[in-house]
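**Student:** Here is a sequence together with a model predicted from it:
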Amino acid sequence: MTKYVINGGKRLNGEVTISGAKNAAVAIIPAALLVDGSCRIENVPKIIDVTLQMEILRELGVSVRLLNATTVELDGECVQDAKVPYELMRKIRASYYLIGALLGKYHHAEVAMPGGCNFGGIRPIDQHIKGFEALGATVSIREGGFIHADAPNGLTGAHIYFDVVSVGATINIMLAAVLAKGMTIIENAAKEPHIVDLANFLNAMGADVKGAGTDVIKIRGVERLHGGTYSIIPDQIEAGTFMAAVAACGGQALIKNVIPKHLECITCKLAEMGVEITEFDDAVLVSRMGKLLKTNIKTLPYPGFPTDMQPQMTTALCLAEGTSIITEGVWDNRYRYTEELARMGANIHVDGKIAVVEGVSELTAAPVRAYDLRAGAAMVIAGLAAKGTTQVEQVTNIERGYENLVEKFVGLGADMFRAEIPDSDSATMPVAK
Ligand code: EPZ
């Protein structure tokens, strides 16, 4: 099994360059299906979820050409079938964006129920279905776990009011509505940077999307989308993950290729914790020389504190002086990873959506698991901060959303490497290089 081996207890120092945003890429890549002709997408992160999505597009008949490590050219002219192989679909949640894209373009979609990170709570899609039906589609869940969406008379713009703020539902309805007849208004829309990035991509291809980044998004349907070139924004959560790592380990890092505005919530919270952050046009300098201070965090939809940074910040707060209170305001159950932190000496009490973190003087190494993407990032941060050699298992979950994470941390002075370690040997800690 592939594991990360981390010889922790060292401060981080150096520079790291952030990759393209995972949650923007997994929305923009399916959006290429809506385009007549080819589109060139730059700053695409090299991560498992993106690789899987490209495999799915190829299965549909899309021409996928990698022009270089981070640029892909997609041409959906030859799409033959709107049905995606079950096994591929099950692996990533973002596969359900194919429903919006295929329905929007071909008025038909057959897509397996989504997979993706399992924090332990259910991940419903009722708001997606509500939006598709409002646009005139018939949606049913067929045997074998397939979602069928059909609109034989095409889609007609509608006024859709989401019951909850949902990134996925907002994205899916944007994809379905750009070629619909008439105006679609999405109320209570998600406002994350990746929503705005998708809207900018669609408009660059000839769509008419206004209001992305606010609660109300207005989409006037157009006849067709033309090809073009678009560059994906940097990943705010990857950047935040490195910022939290510096907070936990101490040291100083220049984090490059970021949009500081997207990091504001994280920057403000880290400043409360005694971390110094200097903003530049497309970089932030993060340093923590003194003690880490306690704080309280409540995760909320953007521009609130991002839920995808909750495990990483909770891990840093395990080493803060005093008691911190974390409230998970987006997901029902996103604290499974705290069991793994407890094995490293963390003192966290979880009660439903609230975690009470009592700071400890140090964490100690232990073999831990990456239960999901951000929980895995938290395990890496804990291993980097802990005394001794930590092994992190199930790293595929991490590499679904982080490009070259080991290399990037090594660039900051971390002593860590990937290793193939048979399960039976997991008790014997390999000596870190
Ligand atoms: C996206 O998931 C992200 N994934 C998640 O990031 C992120 O945690 C989440 O948005 C919130 O920011 C991708 O973008 C691929 P939601 P999504 O729909 O779209 C409820 C990561 O680590 N809800 O905004 O699935 C839902 O239960 C991943 O990169 C409904 O009730 O999240 C949740 O409580 C993990 N009905 C809340 O809304 C619906 O139809 C927010 O979910 C849809 C959602």
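**Tutor:** Done, it's in. Numbers count the residues shown, from 1 in each chain.
**Student:** what about this structure, any weak spots by pLDDT?
**Tutor:** 81-84, 93, 115-122, 423-433 (pLDDT under 70).
**Student:** And the residue of it closest to the ligand?
**Tutor:** residue 168 (2.7 Å; Cβ to the nearest ligand atom). Any C-beta I mention is one placed from the backbone N, CA and C, and that applies to glycine too.
**Student:** Checking that residue next. Helix, strand or coil?
**Tutor:** For residue 168, the assignment made with DSSP: H, G, I helix; E, B strand; the rest coil gives helix.
**Student:** my guess is it contacts residue 100, does it?
**Tutor:** No - the pair residue 168 / residue 100 is not scored as a contact, 9.4 Å apart, by Cβ atoms under 8 Å.
**Student:** quick one, strands of the stretch 251-400 of the chain?
**Tutor:** Along the stretch 251-400 of the chain, counting by DSSP state E, counting those that start in this stretch, strands occupy 251-256, 276-279, 283-288, 296-298, 323-327, 347-351, 354-358, 368-369, 388-393.
**Student:** Among those, which comes closest to residue 77?
**Tutor:** Nearest to residue 77, of all these, is strand 251-256, at 37.0 Å by Cβ to Cβ.
**Student:** Show me how far the closest one is from its chain's centre.
**Tutor:** On the basis of Cα atoms, centre = their mean, to the nearest Å, strand 251-256 sits 21 Å off its chain's mean C-alpha point.
**Student:** got the angle for it vs strand 283-288?
**Tutor:** 170 degrees (axes from the mean of the first three to the mean of the last three Cα atoms, to 10 degrees).
**Student:** Pull the contacting residues for residue 382.
**Tutor:** Contacts for residue 382 (Cβ atoms under 8 Å, 6 or more residues apart in numbering) come out as 248, 315, 318, 340, 341, 344, 346, 363, 368, 390.
**Student:** I meant to write residue 146 there.
**Tutor:** Counting by Cβ under 8 Å, 6+ apart, residue 146 touches 86, 110, 111, 112, 113.
**Student:** go with 6 Å
**Tutor:** The contact partners of residue 146, taken as Cβ atoms under 6 Å, 6 or more residues apart in numbering, are 110, 112.
**Student:** Residue 9 now?
**Tutor:** Going by Cβ under 6 Å, 6+ apart, the list of residues near residue 9 reads residue 387.
**Student:** same thing but at 10 Å, please
**Tutor:** For residue 9, the contacting residues are 249, 362-365, 383-389, 415, by Cβ atoms under 10 Å, 6 or more residues apart in numbering.
**Student:** and if you look at residue 31?
**Tutor:** Counting by Cβ under 10 Å, 6+ apart, residue 31 touches 39, 41, 74, 76, 97, 100-101, 104-105, 171, 174-175, 178, 198, 201-202, 205, 207, 225, 230.
**Student:** Inside helices: which ones of those residues?
**Tutor:** Secondary structure defined by DSSP state H assigns 97, 100, 101, 104, 105, 171, 174, 175, 198, 201, 202 of these to helices.
**Student:** Turn those residues into CSV, including distance to the ligand and neighbour count.
**Tutor:** Converted to CSV, the ones in helices among the contacts of residue 31 look like this (distance: Cβ to the nearest ligand atom, whole Å; neighbours: other Cβ atoms under 10 Å):
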residue, distance to the ligand, neighbour count
97, 8, 28
100, 12, 32
101, 14, 30
104, 18, 29
105, 21, 23
171, 7, 30
174, 12, 27
175, 13, 28
198, 10, 28
201, 15, 25
202, 16, 26
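**Student:** gap between stretch 408-420 and the chain center?
**Tutor:** Relative to its parent chain, stretch 408-420 has a centroid offset of 22 Å by Cα atoms, centre = their mean.
**Student:** And for stretch 397-406?
**Tutor:** Using Cα atoms, centre = their mean, the offset of stretch 397-406 from its chain centre is 11 Å.
**Student:** first to last residue in it, what's the distance?
**Tutor:** 14 Å (Cα to Cα, to the nearest Å).
**Student:** so how far is stretch 314-322 off the chain centroid?
**Tutor:** Distance of stretch 314-322 from the chain centroid (Cα atoms, centre = their mean) equals 23 Å.
**Student:** thinking again about what came up before, list residues touching both of residue 168 and residue 100?
**Tutor:** Taking Cβ under 10 Å, 6+ apart as the criterion, residue 168 and residue 100 both touch 27, 128.
**Student:** one step back: just among the contacts of residue 382, which is most surrounded?
**Tutor:** Most neighbours among those, by other Cβ atoms under 10 Å: residue 315, with 32 neighbours.
**Student:** What are the neighbouring residues in contact with that one?
**Tutor:** Contacts of residue 315 by Cβ under 10 Å, 6+ apart are 244-245, 247-248, 337-338, 340-341, 344, 346, 348, 357, 363, 375, 377-385.
**Student:** 7 Å instead?
**Tutor:** 248, 341, 378, 381, 382 (Cβ atoms under 7 Å, 6 or more residues apart in numbering).
**Student:** From residue 17, how far off is residue 256?
**Tutor:** 5 Å (Cβ to Cβ, to the nearest Å).
**Student:** Provide the secondary structure category for the residue of the chain positioned farthest from its centre.
**Tutor:** Most distant from the centre of the chain: residue 153, at 34.7 Å, with distances by Cα atoms, centre = their mean. Here residue 153 takes the coil state, with states given by three-state DSSP.
**Student:** which parts of the chain sit against the ligand?
**Tutor:** 22-23, 26, 93-94, 117, 123-128, 164, 166-169, 190, 307-308, 330-331, 373-374, 401 (Cβ under 6 Å from any ligand atom).
**Student:** at 5 Å what do you get?
**Tutor:** 23, 94, 117, 124-127, 164, 166-169, 307-308, 373-374 (Cβ under 5 Å from any ligand atom).
**Student:** Skipping adjacent residues, who's closest to residue 43 in space?
**Tutor:** Leaving aside its sequence neighbours, residue 43 sits nearest to residue 20 (Cβ to Cβ, 6 or more residues apart in numbering; 3.9 Å).
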